[in-house]
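Participant: after the sequence you'll find the predicted model.
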Amino acid sequence: MRKIILITGGQRSGKSQYAERLALSLSPNPVYVATAHVWDDEFRQRVLKHQERRGSEWDNIEEEKYLSRHDLTGRVAVIDCITLWCTNFFFDQPTHKADAPTSADVDKALEALKAEFDRFTAQDATFIFVTNEIGSGGVSDNAVQRRFTDLQGWMNQYVAQHADEVILMVSGIPVKIK
């Protein structure tokens, strides 16, 4: 039976670890779908820590954009994370390369993300999406950051609307929202 669970919260709120524990409680052999593009050595170290934390019972997939390429029928999968997945679509917009992204760029990225989400989650699987609440603070004075925050917030809303459950992580404590 298809199920979508969204786990959201701030940085270091325990989202990924909670998602991993939940997946292991639902399946002895879950799938971890990493959406990260490794930008630098510091981020590479974060990725390695995440990989070390998971055991051999995990099947790992690294996919920056096109999640629907992977058949997860009948599986339980953690997709970590929507924020990095959005980043990969956001920075792929043509005008962004020359200047700050426009509203049209954000709209194109959001449209592509929604379509890919719909294709991916059409499978009969349990999807546990991890995301960040990056718009909870003040408004940035950086135009690129403001546009990305818009994209991220709208995509989080889209996933939450389609989710069967939404969990907000606060200081390592899961709070059921939906």
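Facilitator: That came in fine, so what should we check first?
Participant: shouldn't Val33 be within a strand?
Facilitator: Yes. Assessed with DSSP: H, G, I helix; E, B strand; the rest coil, Val33 lies in a strand.
Participant: residues in contact with it?
Facilitator: Ile61, Glu62, Glu63, Leu67, His70, Ala77, Val78, Ile79, Asp80 (C-beta atoms under 8 Å, 6 or more residues apart in numbering). For the C-beta atoms, the positions are set from N, CA and C on the backbone; glycine is no exception.
Participant: doesn't Ala23 make contact with the last one?
Facilitator: No. In this structure Asp80 lies outside contact range of Ala23 using C-beta atoms under 8 Å: 10.3 Å.
Participant: quickly list what's touching both of these two.
Facilitator: Shared contacts of Asp80 and Ala23 (C-beta under 8 Å, 6+ apart): Tyr32.
Participant: thinking again about what came up before, which single one of the contacts of Val33 is nearest to Gln11?
Facilitator: Asp80 (13.3 Å; C-beta to C-beta).
Participant: alpha carbons of stretch 115-133, as CSV, please.
Facilitator: Taking Å, rounded to 0.1, in the frame of the first residue of the first chain, the C-alpha atoms of stretch 115-133 are listed here in CSV:
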residue,chain,number,x,y,z
ALA,A,115,6.0,16.4,-11.8
GLU,A,116,8.9,14.3,-10.6
PHE,A,117,7.4,13.9,-7.2
ASP,A,118,4.1,12.7,-8.7
ARG,A,119,5.9,10.2,-11.0
PHE,A,120,8.0,8.9,-8.2
THR,A,121,5.3,8.5,-5.6
ALA,A,122,2.9,6.8,-8.1
GLN,A,123,4.7,3.6,-7.1
ASP,A,124,3.2,1.3,-4.5
ALA,A,125,5.8,1.9,-1.8
THR,A,126,6.3,3.6,1.5
PHE,A,127,8.1,7.0,1.1
ILE,A,128,9.6,8.8,4.0
PHE,A,129,10.7,12.2,2.9
VAL,A,130,13.0,14.4,5.0
THR,A,131,13.0,18.1,4.6
ASN,A,132,14.1,21.3,6.3
GLU,A,133,12.0,24.2,7.6
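Participant: good, we can wrap up now.
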